[in-house]
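Participant: my questions concern the predicted model and sequence given below.
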Amino acid sequence: MQVRDFIKHLKNGERPPLTLILGEESALRQQAQHAIASMIPEDQQVMNFGRYDMQQTPVGAALNDATSMPFFGDYREVVIDDPYFLTGEKNADKIDHD
């Protein structure tokens, strides 16, 4: 799916339970991630929006956040950056992803 189509779906209220954003164009990935973040009202983002870099954070922390109930809101969104473990690549930092 193209980024513009993805954003259109989000604006129409279609919230997929899981979204995998792939591509070499970082600007398009960032555009899609921004659209996901904007689905949570600004006053709820501290409690209901999480962003995790898998180069620095174990996947368990992101999964714990993703499986938690929203706090004073209807939805919780979690973005995982650099999920190298989905590609089969080795991580030089040796973060333990249970």
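Facilitator: Perfect, thanks for sending it. Only a predicted model underlies this, so the values are computations on that prediction, with no experimental measurement involved. Numbers count the residues shown, from 1 in each chain.
Participant: contacts, neighbours, all on C-alpha from now
Facilitator: Noted.
Participant: and the nearest residue to Gln44 once chain neighbours are set aside, how far from Leu22?
Facilitator: By the measure of Cα to Cα, 6 or more residues apart in numbering, the closest residue to Gln44 outside its immediate chain neighbours is Gly73, 6.7 Å from it. As defined by Cα to Cα, to the nearest Å, Gly73 lies at a distance of 28 Å from Leu22.
Participant: more neighbours, these two?
Facilitator: Using other Cα atoms under 10 Å as the criterion, Gly73 and Leu22 rank with Gly73 on top: 14 against 9.
Participant: for that one, give me the pLDDT.
Facilitator: Predicted confidence (pLDDT) at Gly73: the value is 89.
Participant: and stretch 18-30, which residues are buried?
Facilitator: Judged by neighbour count (16 or more other Cα atoms under 10 Å), stretch 18-30 contains these buried residues: Leu28.
Participant: meant to ask about stretch 3-19, not that
Facilitator: The neighbour-count criterion (16+ other Cα under 10 Å) identifies Val3, Phe6, Ile7, Leu10 as the buried residues of stretch 3-19.
Participant: which one of those is nearest to Val78?
Facilitator: Using Cα to Cα, Leu10 is the member of these that lies nearest Val78, at 15.1 Å.
Participant: which residues touch that closest one?
Facilitator: With contact set as Cα atoms under 8 Å, 6 or more residues apart in numbering, Leu10 has these partners: Ala35, Ile36, Met39.
Participant: which one of these has the most neighbours?
Facilitator: When neighbours are counted as other Cα under 10 Å, the busiest of the contacts of Leu10 turns out to be Ile36, with 20 neighbours.
Participant: what pLDDT does it get?
Facilitator: We note a pLDDT of 92 for Ile36 in this prediction.
Participant: ok, back up a step: so which of the contacts of Leu10 are in helices?
Facilitator: Counting by DSSP state H, the members of those that fall within helices are Ala35, Ile36.
Participant: okay, the contacts of Leu10 in CSV with distance to Pro58 next?
Facilitator: Conversion of the contacts of Leu10 to CSV gives the following (distance: Cα to Cα, whole Å):
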residue, distance to Pro58
Ala35, 25
Ile36, 22
Met39, 25
